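Peer 1: Okay, sequence plus prediction incoming.
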Amino acid sequence: MSQRTVREVAKPNENEKMEDIRTPFSEFWRKFKKQKTAIVAALFICLFFITAIIGPYIVPYDVAEPDYDHILEGPSSKHWFGTDAYGRDIFSRVIVGARISLAVGLSSVLVGAILGSILGLISGYYGGWIDNVIMRIADVLFAFPGIILAIGIIAILGPGLYNVVFAVAIFSTPMFARIVRGSTLAIKETVYVEAAKSIGTKDKRIMFKHILPGTFSGIIVYFTMRIGTSILTASSLSFLGMGAQPPTPEWGAMLSSGRDYLGVASHITFFPGMAIFVTVLAFNLLGDGLRDALDPKIDN
Amino acid sequence: MDKKILEIKNLKTYFFTDNGIVKAVDGVDIHVNEGETLGIVGESGSGKSVTSLSIMGLLNDTSGKVVDGKIEFQGRNLVDLKEEDMRKIRGNDIAMIFQEPMTSLNPVLRIGKQISEAIRLHLKYDKARAKEHTIEMLKLVGIPRAENIYSEFPFQLSGGMRQRVMIAMAMACNPKLLIADEPTTALDVTIQAQILDLMKKLKKDVGTAIMFVTHDLGVVAEMCDRVVVMYAGRVVERGDVYQIFENPKHPYTKGLLKSVPVLRQKVERLASIPGNVPSPKNMPKGCKFAPRCKNVFDKCWEEEPPFYNVEENHSSKCWLCE
């Protein structure tokens, strides 16, 4: 009786049936959830977001109020991360600093991504001299080391957080422009773009409705990784005294004010430093995971 | 019946490449009458697709350019039109269906969005009315669950369904001329038959003229009123579908017809035309078909033959018909 009937064999397995329905999102999720490091990074980034949003309301101490009775204290049960030269609670300052770092990182990359995508689209779609001009400017920007370029921009605009956002945005733009241009060049040759043209669709519509969504997978990956880099650059600028000014609890600025006490109270620089390190690492790992999940050529 | 809707006169489309000029279409005369189906036949590289792209004015992104000739559509010469005016004609008066239904729909846009795009652009309908019209079109081309398909993505449809969507998209604004560039080549035979039936039905109901570009002679016999045979960027024979199939005059047409398999015929091998279409870079001086022609004689090598009328509405570009 081990012979199975035809009907039994032909009957679709429940699991198989579920596999059949593959939307692009489920495909993405299927690959993404296999990557444990990226999941951990994503969870950490969620925590980071929550901290940034509610952090300032839940911190135990005022971040600006000096407390001269407890200066340069090491980590304890009262001050988890210790206190700095003015007796301010470093834990509270790191928590509140998350909001600034996130805001700077996110907004600068967002501005850079929007600018870069538009330029890349125009460049790739129209080609010719427009392409040449935009890409040569991008090449020039690429030739500068990022931080030097940012310093140059700050030197012109003056120090301050808004100018840091602008500077970091400027130096994120060319990379986005290049990525989007590359995808645009490929997508504009596809039959569906030709088909869209054959029904009389306008250039602007073809660029933004037909081509741009196709470049998103590349943008998302780079966007995520870029947030990490931007946080790092913004912190560096603040460390150099060109971004957030004391007493703002910005991570880079905290490193800067703690560096004189490295020998006697290394915890002042250690905790903000760790915050920067872990955050940047998390964004990079998430970006890696997204790339592996979004690339149709990688199938594991 | 015999009012010409499209008349192509002496069209020359050349491609300017780094390796020199490629004369993809070299002096083609074709006309399409109102409401008829014209078949354009020829093997790969004979200039069929370039001709249709020239009509649509879609050569801008390539190195190709119409260097000479006229494409008259309803009395207007499309070659001279500005891009802006051409855009108004595309999709509205002349529409096109492409060969590969799997790649001719944008994978990231919903079906409904892609069809209603043309409707909103040309008919100036508002969103709700465009949606209504789109669903109507989907039903017209025989798509079940049209309301659901409206908000689905192309990957959820089969090849045949996608080609129906393409046809719905092309027919959405009631074009006067539909250019179908090998619309059934990528489909399997049963679906092919369905799509052909659909196109026939649409032609009958809507009265659209169809320019049917294909290399499938069976499809031509099924669909077309008149046939134009192209070879190496030129028209070599044209006539009624019956005249062409029953009384082919040009050796190339004869060869094409012989290479079609016939049911219940006991032959080991199909006849074929030896050789390939000559490379555009070293075209023979006289008749372009001379190197592959069985009946070639001295004159063929020296001079290109003109068109000879062999019957009413049937002419062939061959010295044999002199």
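Peer 2: Sure, I can see it. Numbers count the residues shown, from 1 in each chain, chains lettered A, B, ... in the order given.

Peer 1: drop to CA atoms for contacts and neighbour counts, all remaining ones
Peer 2: Fine.

Peer 1: lowest-pLDDT helix or strand in chain A?
Peer 2: Using mean pLDDT, DSSP states H and E, helix A:14-20 stands out as the lowest-scoring helix or strand of chain A, at a mean of 44.

Peer 1: who's in contact with stretch B:198-215?
Peer 2: B:32-44, B:48-49, B:141, B:174-183, B:185, B:220, B:223-224 (C-alpha atoms under 8 Å, 6 or more residues apart in numbering or on different chains).

Peer 1: same check, this time on stretch B:156-174
Peer 2: A:199, B:91-93, B:95-98, B:101-102, B:104-105, B:111, B:114-116, B:118-119, B:122-123, B:133-134, B:137-138, B:140-143, B:154, B:178, B:183, B:187, B:191-192, B:195, B:206, B:208.

Peer 1: mind redoing it with 7 Å?
Peer 2: Stretch B:156-174 is contacted from outside by A:199, B:91-92, B:95-97, B:101-102, B:115, B:119, B:123, B:137-138, B:141, B:154, B:187, B:191, using C-alpha atoms under 7 Å, 6 or more residues apart in numbering or on different chains.

Peer 1: Could you pull up the mean pLDDT of that stretch?
Peer 2: Taken as a whole, stretch B:156-174 carries a mean pLDDT of 87.

Peer 1: Going by neighbour count, list what's buried in that stretch.
Peer 2: The neighbour-count check on stretch B:156-174 (16 or more other C-alpha atoms under 10 Å in any protein chain shown) flags B:159-174 as buried.

Peer 1: Filter the residues you listed down to the ones in strands?
Peer 2: For the buried residues of stretch B:156-174, not one is inside strands, with DSSP state E as the criterion.

Peer 1: Between these, which sits nearest residue A:30?
Peer 2: When these are compared for distance to residue A:30 (C-alpha to C-alpha), residue B:159 wins out at 25.7 Å.

Peer 1: What residue in the stretch 151-300 of chain A comes nearest to chain B?
Peer 2: Residue of the stretch 151-300 of chain A nearest chain B, by C-alpha to the nearest C-alpha: residue A:199 (3.6 Å).

Peer 1: Kindly provide the distance from that residue to residue B:93.
Peer 2: Distance of residue A:199 to residue B:93, computed by C-alpha to C-alpha, to the nearest Å: 9 Å.

Peer 1: count of neighbours near residue 52?
Peer 2: Looking at chain A here, since you left the chain open. Neighbours of residue A:52 under the rule other C-alpha atoms under 10 Å in any protein chain shown: 19.

Peer 1: wait, I meant chain B there
Peer 2: Counted with other C-alpha under 10 Å, residue B:52 comes out at 20.

Peer 1: Residue nearest the middle of the chain, spatially speaking?
Peer 2: You didn't say which chain, so I picked chain A. The centroid of chain A falls nearest to residue A:227 when counting by C-alpha atoms, centre = their mean (2.2 Å).

Peer 1: The intended chain is chain B.
Peer 2: Nearest to chain B centroid, counting by C-alpha atoms, centre = their mean: residue B:213, 2.5 Å.

Peer 1: Which residues does that residue form beta bridges with?
Peer 2: The partner list for residue B:213 in beta bridges (DSSP bridges) reads residue B:40, residue B:181.

Peer 1: Just the pLDDT for the residue lying closest to residue B:130 once chain neighbours are set aside.
Peer 2: With C-alpha to C-alpha, 6 or more residues apart in numbering or on different chains as the criterion, residue B:130 has its nearest non-adjacent residue at 5.7 Å, and that residue is residue B:116. The model reports residue B:116 with a pLDDT of 90.

Peer 1: what's the answer for the one 3 residues further on, then?
Peer 2: With respect to pLDDT, residue B:119 has a value of 89.

Peer 1: quick one, helices of the chain?
Peer 2: Picking chain A for this. Using DSSP state H, the helices found in chain A span residues A:6-10, A:14-20, A:24-32, A:36-58, A:90-126, A:128-143, A:146-157, A:161-187, A:191-198, A:203-205, A:212-239, A:251-258, A:267-294.

Peer 1: meant chain B, my bad for not saying
Peer 2: All helices of chain B, identified by DSSP H, fall at B:48-56, B:83-89, B:111-118, B:127-140, B:146-150, B:159-171, B:189-206, B:217-223, B:241-246, B:251-258, B:298-302.

Peer 1: Which residues of chain B lie near chain A?
Peer 2: Within chain B, the positions near chain A by C-alpha under 7 Å from any C-alpha of the partner chain are B:56, B:87-88, B:90-91, B:95-96, B:103-106, B:108, B:118, B:170.

Peer 1: Just name the closest of these to residue B:245, please.
Peer 2: The closest of the residues of chain B next to chain A to residue B:245 turns out to be residue B:96 (C-alpha to C-alpha; 26.6 Å).

Peer 1: Name whatever forms a beta bridge with the closest one.
Peer 2: residue B:179.

Peer 1: and it, what does it touch?
Peer 2: So residue B:96 contacts A:198, B:170, B:178-180 (C-alpha under 7 Å, 6+ apart).

Peer 1: Please apply the same query to residue A:121.
Peer 2: A:180-181, A:184, A:207.

Peer 1: swap the cut-off to 6 Å and go again
Peer 2: With C-alpha atoms under 6 Å, 6 or more residues apart in numbering or on different chains as the criterion, the residues that contact residue A:121 are residue A:181.

Peer 1: Which among the contacts of stretch B:156-174 count as buried?
Peer 2: Among the contacts of stretch B:156-174, those scoring as buried are A:199, B:91-92, B:95-97, B:101-102, B:115, B:119, B:137-138, B:141, B:154, B:187, B:191 (criterion: 16+ other C-alpha under 10 Å).

Peer 1: Which residue comes closest to residue B:98 once chain neighbours are left out?
Peer 2: residue B:181 (5.2 Å).

Peer 1: From chain A, how far out is that neighbour?
Peer 2: Applying C-alpha to the nearest C-alpha, to the nearest Å, the value for residue B:181 to chain A is 12 Å.

Peer 1: ok, now how distant is that residue from residue B:192?
Peer 2: Per C-alpha to C-alpha, residue B:181 is found 14 Å from residue B:192.

Peer 1: Looking only at neighbour counts, state which of these two leads.
Peer 2: residue B:181 (22 against 18).

Peer 1: How about the contacts made by that one?
Peer 2: Neighbour list for residue B:181: B:98-99, B:213 [criterion: C-alpha under 6 Å, 6+ apart].

Peer 1: Right, and chain A sits closest to which residue of the stretch 51-200 of chain B?
Peer 2: Counting by C-alpha to the nearest C-alpha, the stretch 51-200 of chain B gets nearest chain A through residue B:91, at 3.6 Å.

Peer 1: phi, psi of that residue?
Peer 2: phi 80, psi -30 (degrees, to the nearest 10).

Peer 1: Would you agree it is in contact with residue A:196?
Peer 2: No. When contacts are counted by C-alpha atoms under 6 Å, residue B:91 is not listed as touching residue A:196 (9.0 Å).
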